[in-house]
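Participant: need the 3D shape of this:
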Amino acid sequence: MNRLLSVLIAIVCGIAAVTANDSRLVYILPLDDEIGSTTWQHTKRALDEADRISADIILVHLNTYGGSVLHADSIRTALLHCPVPVIAFVDNNAASAGALIALACDSVYMRGDATMGAVTVVNGSDGSAAPDKYQSYMRAMMRATAESHGKDSAGIWRRDPLIAEAMVDPRVVVPGLIDSTRVLTFTANEATEWGYADGIAENIGQVMESVGVTEFRIRKFEPTWIDSVMGFFTNPAIQGILIMLIIGGIYFELQTPGMGFPSVVAIMAAVLYFLPLYFTGIASSWLIIMFIIGLLLLLLELFVIPGFGVAGISGIVCIAASIIIGLVENFSFEPGHTDLSVICRATLTFVAAVAAAAGVIAFLSSRFAPKGFGIKSELTHCQDIDQGYIGVDTTPAKLVGRSAIAVTALRPGGKIEIDGTTYDAVSSIGFVESGTLLTVYKFENAQLYVR
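Facilitator: From the prediction side, this is the model:
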């Protein structure tokens, strides 16, 4: 009986093991917020985790109205290069940047009431359409993403590139689908009809059934608070503010040397700028070292080496270069590894932050600093008498060689008079009677000497 029970248990365990081995591991990445630095950080970590656990399928659960083109492009590129099949499930919305991300997936499934499209680049301030050069770049990005799916055996595009362009530009005409007066947005049925969706599904189970997967296990990406914090501080707008604080802190610290409030602000801003980049793998440790070296060179030039020469210029270059390179993901000195346009964009961000910092500094200096705008260290400050400073009176030194009259007896010290003004003096010839005519022959240690 015991032997029979053992055999039955072994059979059940074997069947369970075979079933587990036959089931597919589906990794779910939810993108249900505005596309930005946080969603990009989540995507990178999710793809790394999916690779680590050997996921068979990655399902991007989309419900977004769009967001940053920069981060959407980064997500698009990562999905296009992903070695694991990627499925997009548009739960409700895949608007703007969300449509770009959906198009980058190997297959797309939409709920019956979902929509996808409207990829026109807009200004963040008022929502108006951005200039045509931005639209041109987005058209090319959408077209290239559609073309990446290739053609079928009949030589027809699986994802028509012209339709992708029509989602960006209202001037693009797709015969039978859209005229030249509006930007294209698909319903689920339209997307399926025109080849931009592979089917309609109401839940993840139906999506898996549509791709022929009946046995599957789900592993869902769970963001941590650290991911959110890192995403917040790697947001370009926040990075621009941190750069402003670094520059402003350094400037105001040069006004009043010493570890004061500006120093604390600059150091904290530098920490919040570089550490998230380091922990997310965007920047290497040598960038932080370069920034510190730049600060040391600048301080050396200002407080040790007279003038402003090689050390000061090298310090400024190191600080600027470390900040700019920190804005470039996976920077490399290898030719062709880093896109020049990304470096130019990072440089423009830095220049804009410097210009904004200069404006803030000029405003604060005009309001709160009477000496005005410019680097004016306290080490070069002139202590004028008009400002209340008191020093040793040097007027008696100018009396050497003048004639004087002893107004009191000098024993040998006493008082003399020159041009109606009385001074203390010491006789070098011993006792002198009051009223004696004398000559001032030296001024030493703040004392007049007569004979």
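Participant: so how many other residues sit close to Ile53?
Facilitator: Applying other C-beta atoms under 10 Å, we find 10 residues neighbouring Ile53. C-beta here means a position set from N, CA and C on the backbone, and glycine is covered the same way.
Participant: hmm, I typed the wrong one, I wanted Thr234.
Facilitator: Counted with other C-beta under 10 Å, residues neighbouring Thr234 total 25.
Participant: give me the phi and psi for it.
Facilitator: Per-residue torsions, Thr234: phi -100, psi 10 (degrees, to the nearest 10).
Participant: quickly note the distance from the closest residue in space to it that isn't next to it in sequence to Ser322.
Facilitator: Using C-beta to C-beta, 6 or more residues apart in numbering and skipping residues adjacent in sequence, the residue nearest Thr234 is Ser37, 4.6 Å away. The gap separating Ser37 from Ser322 is 20 Å, by C-beta to C-beta, to the nearest Å.
Participant: checking Arg217 next. Helix, strand or coil?
Facilitator: strand (DSSP: H, G, I helix; E, B strand; the rest coil).
Participant: hmm, it is touching Ile53, no?
Facilitator: No: the pair formed by Arg217 and Ile53 falls short of the contact definition of C-beta atoms under 8 Å, at 10.3 Å.
Participant: quick one: common contacting residues for these two?
Facilitator: When contacts are counted by C-beta atoms under 8 Å, 6 or more residues apart in numbering, the set common to Arg217 and Ile53 consists of Leu25.
Participant: what is the helix or strand hosting Leu438 packed up against?
Facilitator: Assigned by DSSP states H and E, Leu438 falls within strand 437-444. Packing partners of strand 437-444 (3 or more C-beta pairs under 8 Å, 6 or more residues apart in numbering; DSSP states H and E): strand 403-406, strand 413-418, strand 421-427, strand 447-450.
Participant: list the contacts of it.
Facilitator: Looking at what lies outside strand 437-444 - C-beta under 8 Å, 6+ apart - the contacts are 396-397, 399-406, 416, 418, 425, 427-428, 432, 448-451.
Participant: what subset of the residues you listed is buried?
Facilitator: Buried members of the contacts of strand 437-444, counted by 16 or more other C-beta atoms under 10 Å: 396, 399, 404, 406, 416, 418, 425, 427, 432, 448-450.
Participant: nearest to Ile57 among those?
Facilitator: Lowest distance from Ile57 to the buried ones among the contacts of strand 437-444 (C-beta to C-beta) belongs to Pro396, with 95.6 Å.
Participant: that closest one and Tyr441: what is the separation?
Facilitator: In this structure, Pro396 and Tyr441 are 13 Å apart, going by C-beta to C-beta.
Participant: what ranges do the strands span in the chain?
Facilitator: Per DSSP state E, the chain has strands spanning 24-31, 57-64, 86-95, 107-110, 115-117, 185-187, 199-200, 216-220, 403-406, 413-418, 421-427, 437-444, 447-450. These are given in chain order.
Participant: what about the longest helix along the chain, average pLDDT?
Facilitator: Counting residues, the longest helix in the chain under DSSP state H turns out to be helix 340-368. Summarised as a single mean, pLDDT over helix 340-368 is 78.
Participant: what lines up beside the strand holding Leu438 in the sheet?
Facilitator: Each strand that strand 437-444 pairs with, and the sense of that pairing, follows from DSSP bridges: strand 403-406 (antiparallel), strand 447-450 (antiparallel).
Participant: would CSV of the ones you listed with distance to Ile247 and mean pLDDT be doable?
Facilitator: Rendered in CSV, the data for these read as follows (distance: least, C-beta to C-beta, whole Å; pLDDT from 0 to 100):
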stretch, distance to Ile247, mean pLDDT
strand 403-406, 61, 87
strand 447-450, 53, 86
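Participant: export those strands as CSV, with columns for distance to Ser210.
Facilitator: Formatted as CSV, the strands paired with strand 437-444 follow (distance: least, C-beta to C-beta, whole Å):
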stretch, distance to Ser210
strand 403-406, 114
strand 447-450, 105
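Participant: got the contact list for Ala104?
Facilitator: 75-77, 79-80, 86, 145, 148.
Participant: again, but for Cys318
Facilitator: The neighbourhood of Cys318, defined by C-beta under 8 Å, 6+ apart, consists of 290-291, 293-294, 297.
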